[in-house]
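# Sequence below, structure please.
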Amino acid sequence: MKYYYNTVPGLGQTRNNLIYTSLMSDDQKTFVQWYYNDTDYHHGQNQIIDPSLMSEKWAKELMWLTHMATHRPQLVPEIQGIDLVNKKIYLKIDGVDFWQQSLDAGCSFDGILPDWQEQMLAILQAHKDLGFYKYSLHPSSYFIVDGQLKSINYFFCHSDSEEEVPLSHFRSHISIDRQHKLEEYFAVANLTWDSVLPYSTLQQISFESFRSNYPDDFIDKAKKIYHD
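Numbers count the residues shown, from 1 in each chain. Prediction:
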């Protein structure tokens, strides 16, 4: 297994995930979420430095990924194995992630997977139907296997049964760029990092923060799922 990075025009090699350490097999058939804060992988820019928070994210990943694998197995990669001691999840994939495929090809998501919007909206609908919210929605959080989008990164999920917490609780596992986007939204909505909001509201705010990653019509459809 080797470190897995995204290669972004103008930025070069960037970490695939800011919480765990991303690994991939040489044949690009296995992706590993390693819940270890590897300084070499993160180039010393580690954001999750609290072991208890890392443990919380690991527990979330286990809970919601396996929940999806049980109830909507077609929407997540096949779990090849879970190493509870070393906190590693092995997932069956077929090549680099959805975002990286579009970057490598120099084309839009439509050029990679023409029906990606319908597939991604079906995944979001499944989250709603199963009673939870997922805020990690970056296009690198998806792989394509046999023409089907597979969703990963379930460490950032919550349900209405959980106690609400201030927005600051999530700050360390949101990228700096996305924090800035959120702060722009906060300024308009009269919010701060100390604000406490329902998880349903956070889902809508999360969608808004991804308008720079997806077309507006997709975001509008995604938001409507949680209004219906």
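# Packing partners of the helix ranked longest in the chain?
The longest helix of the chain (DSSP state H) is helix 51-71. Applying 3 or more Cβ pairs under 8 Å, 6 or more residues apart in numbering; DSSP states H and E, one finds that helix 51-71 contacts strand 79-83, strand 88-92, strand 157-158. C-beta here means a position set from N, CA and C on the backbone, and glycine is covered the same way.
# next one: it to chain centre, how far?
For helix 51-71, the separation from the chain centroid amounts to 12 Å (computed by Cα atoms, centre = their mean, to the nearest Å).
# That helix: which residues count as buried?
Within helix 51-71, the residues scored as buried using 16 or more other Cβ atoms under 10 Å are 53-54, 57-58, 60-62, 64-65, 67-69.
# all strands of this protein, in order?
Ranges of strands in the chain, per DSSP state E, are 2-3, 5-8, 12-15, 21-24, 30-34, 79-83, 88-92, 133-134, 142-145, 148-151, 157-158.
# Out of those strands, which gets the lowest mean score?
Least confident of the strands of the chain, judged by mean pLDDT, is strand 12-15 with a mean of 88.
# So the residue nearest the centre of the chain versus Gly44, what's the distance?
The residue lying closest to the centre of the chain (Cα atoms, centre = their mean) is Ser136, at 3.2 Å. Distance of Ser136 to Gly44, computed by Cβ to Cβ, to the nearest Å: 23 Å.
# tell me what the lowest-mean-pLDDT helix or strand in the chain is packed against?
Least confident helix or strand of the chain, by mean pLDDT, DSSP states H and E, is helix 176-189 with a mean of 83. Under the contact criterion of 3+ Cβ pairs under 8 Å, 6+ apart, helix 176-189 touches helix 199-209.
# relative to helix 176-189, how tilted is the helix it packs on?
110 degrees (axes from the mean of the first three to the mean of the last three Cα atoms, to 10 degrees).
# ok, and what's touching helix 199-209?
Surrounding helix 199-209, the residues in contact under the criterion Cβ atoms under 8 Å, 6 or more residues apart in numbering are 133, 135, 137, 158-160, 162, 164, 167, 178, 181-182, 185, 197, 219, 222-223, 226.
# now swap in stretch 102-122 and tell me
Contacts for stretch 102-122 (Cβ under 8 Å, 6+ apart): 6-9, 75, 96, 98, 101, 139, 142, 144, 147-149, 214-215, 218, 221-222, 225.
# And the residues you listed, which of them are buried?
6, 75, 96, 98, 101, 139, 142, 144, 149, 214, 218, 221-222, 225.
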